[in-house]
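Asker: turn this into a structure:
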Amino acid sequence: MGEEIHNPTFNYGEFAIIKSQAGLNSYKNSVKEWTEKTNAIEIISKAGRYGVTYAYKDITFEFGMWISLKFKLLMIKEFERLKAQEQKQIDWNAKRELSKLIIDTY
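Answerer: Model (predicted):
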């Protein structure tokens with residue numbers, strides 16, 4: 001949960017109450033209620049004619065992966081591609097540093 005990382009004033013007591021009621025047919029909660037009750041900062045909702053909801057990228061990615069398997073697989077593939085690229089860079093840097101050590105010892 002991103003609030004644990006980014007929000008030192010998050011209301012965990014209220015979160016526990018909401019979590020225990022989530023899934024009940026009689027329970028409903030809006031973004032506004034969520035942010036007011038928990039002091040959440042990672043999601044913002046503005047009501048009205050031009051209302052909009054914004055969320056931090058962590059929440060956006062999680063929501064996208066939840067509603068779309070294709071999006072989730074694309075995110076995983078992109079992560080794997082970036083990690084492979086990072087590893088190539090690390091290997092290149094390690095070989096470069098090793099060659100410097102070898103040259104310096106002569």
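Asker: who's in contact with the nearest residue to Thr35 once chain neighbours are set aside?
Answerer: Nearest non-adjacent residue to Thr35, counting by CB to CB, 6 or more residues apart in numbering: Ile43, 6.4 Å away. For the C-beta atoms, the positions are set from N, CA and C on the backbone; glycine is no exception. By CB atoms under 8 Å, 6 or more residues apart in numbering, Ile43 lies in contact with Val31, Trp34, Thr35, Thr53, Tyr54, Ala55, Tyr56, Ile59.
Asker: can you rerun that using 7 Å?
Answerer: By CB atoms under 7 Å, 6 or more residues apart in numbering, the contact list for Ile43 reads Val31, Thr35, Thr53, Ala55, Ile59.
Asker: and the two most separated of those?
Answerer: Farthest-apart pair in these is Thr35 and Ile59; separation 12.1 Å (CB to CB).
Asker: that older thread, bridged to the residue nearest to Thr35, which residues?
Answerer: Applying DSSP bridges to Ile43 gives these bridge partners: Ala55.
Asker: run the chain-centre distance for the helix or strand hosting Phe79.
Answerer: Element membership of Phe79 [criterion: DSSP states H and E] is helix 69-105. Centre-to-centre, helix 69-105 and its host chain are 22 Å apart (CA atoms, centre = their mean, to the nearest Å).
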